[in-house]
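Q: generate a structure from the sequence data that follows.
(one chain, ligands or ions: 1)
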Amino acid sequence: MRSAIFTEVIEVYEDPDRASHRVAELIVATAQQATAARGRFDIALSGGETPRTLYSLLATEFRARIPWHKTHVFWVDERCVPPDHVESNYRMVRETLLDHVPIPPANIHRMRGEEEPERAAREYESLLRDHFGDAAPRFSFVSLGMGADGHTASLFPESPALDEKERLVVAVYVEKLRAHRLTLTPKAINSAARIVFLVFGREKAEALRIAFDETSDPRRAPTKLIRPHAGELRWIVDRAAMPNNS
Ligand code: 6PG
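A: You can find the predicted model right below:
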């Protein structure tokens, strides 16, 4: 049952490059609105492969259109590895984006994947509370992906994290990856002004079908728990990822 009032939009693009350009345009527009309204732009970024092109575009073609000094970067999730590890989401965003733009180091708020997971989750929650105040964080923009198994951020199907109603950040153990991760909870994500899912490739089509199926169980399709309380939810998808695309 969907109770939140929000706008949901689905846009389909011919290929990942066009889709990534679209998201870059949305980020620029949101950054301009947020800095005009509140003097700063708070964006939470995901890891994985899908957003690499997007981050590179922000570092090049779109670089001059973002007020980097007023931009604060957060992560939606992190693998529990050191920041220079090849699997680190921080490292991926740093290499594709942050190393190439004039963002003040104090505006980069990474999750500390090298620490004991539970402690790192609690520290990130206090960092969010310091930045946003005691209310749930109101990110200007949250960029999310979706795995072929339907997970988003590190909210995996059947995970206890899906039931978390109080905390903003939790540590999870992902059995099939045999790995610990840190993730924002739906509570932390759903207060955002704009949330964008970026989904590419045929291997995501079945998960997308389940995500869009009104009758599917959110425990199987955690993206269904992402419902902004007062904001916009947008799916930017390439044609290959669309269900029934032959
Ligand atoms: C991560 C992510 C995760 C990601 C999906 C999709 O740390 O892996 O933040 O939620 O968005 O797994 O990943 P791909 O883009 O690699 O398919």
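
Q: grab the nearest non-local neighbour of residue 127.
A: Once flanking residues are discounted, residue 127 sits nearest to residue 109: 5.9 Å by C-beta to C-beta, 6 or more residues apart in numbering. (Each C-beta comes from the backbone N, C-alpha and C, glycine too.)

Q: do the same with residue 99
A: The shortest distance from residue 99 to any non-neighbouring residue, by C-beta to C-beta, 6+ apart, is to residue 59 (8.0 Å).

Q: what sits against that neighbour?
A: Shown in contact with residue 59 (C-beta atoms under 8 Å, 6 or more residues apart in numbering): 96-97, 99-101.

Q: mind running it again at 7 Å?
A: Contact analysis of residue 59 by C-beta atoms under 7 Å, 6 or more residues apart in numbering lists 96-97, 100-101.

Q: swap in residue 47?
A: Counting by C-beta under 7 Å, 6+ apart, residue 47 makes contact with 77, 89, 92.

Q: residue 143 against residue 48, yeah?
A: No - counting by C-beta atoms under 7 Å, residue 143 stays clear of residue 48, with 10.4 Å between them.

Q: for the ligand, tell me whether the top helix by length along the chain is touching it.
A: Of all segments of type helix in the chain, defined using DSSP state H, the longest is helix 16-38. No - using C-beta under 6 Å from any ligand atom, helix 16-38 stays clear of the ligand, coming no nearer than 10.3 Å.

Q: could you single out the nearest of the contacts of residue 47 to residue 180?
A: Among these, residue 77 lies closest to residue 180 (C-beta to C-beta), at 11.2 Å.

Q: with just CA atoms, put the lowest-mean-pLDDT helix or strand in the chain into CSV.
A: One helix or strand of the chain scores below all others by mean pLDDT, DSSP states H and E: strand 7-13, with a mean of 94. Provided in CSV are the C-alpha atoms of strand 7-13 (Å, rounded to 0.1, in the frame of the first residue of the first chain):
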residue,chain,number,x,y,z
THR,A,7,5.5,12.2,-7.9
GLU,A,8,6.9,9.2,-9.7
VAL,A,9,8.3,9.5,-13.2
ILE,A,10,9.8,6.9,-15.5
GLU,A,11,12.0,8.0,-18.4
VAL,A,12,13.4,5.6,-20.9
TYR,A,13,16.5,6.4,-23.0
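
Q: ok, residue 120 - contacts?
A: Going by C-beta under 7 Å, 6+ apart, residue 120 touches 111-113, 171, 182.

Q: out of those residues, which sit inside strands?
A: Under the assignment DSSP state E, the contacts of residue 120 contribute 171, 182 to strands.

Q: could the contacts of residue 120 go into JSON lines alongside pLDDT and distance to the ligand?
A: Formatted as JSON lines, these follow (pLDDT from 0 to 100; distance: C-beta to the nearest ligand atom, whole Å):
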{"residue": "111", "pLDDT": "98", "distance to the ligand": "10"}
{"residue": "112", "pLDDT": "98", "distance to the ligand": "15"}
{"residue": "113", "pLDDT": "98", "distance to the ligand": "10"}
{"residue": "171", "pLDDT": "98", "distance to the ligand": "14"}
{"residue": "182", "pLDDT": "98", "distance to the ligand": "10"}
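
Q: which of residue 143 and residue 48 has more neighbours?
A: For residue 143 versus residue 48, neighbours defined as other C-beta atoms under 10 Å are more numerous around residue 143 (23 against 14).

Q: quick one on the thing from earlier: could you list the buried residues of the longest helix of the chain?
A: Going by neighbour count (16 or more other C-beta atoms under 10 Å), the buried part of helix 16-38 is 16, 19-24, 26-28, 30-31, 34-35.

Q: so how many other residues sit close to residue 104?
A: Neighbour tally, residue 104, other C-beta under 10 Å: 11.

Q: thought it was touching residue 69?
A: Yes - between residue 104 and residue 69 there is a contact at 6.3 Å, judged by C-beta under 7 Å.
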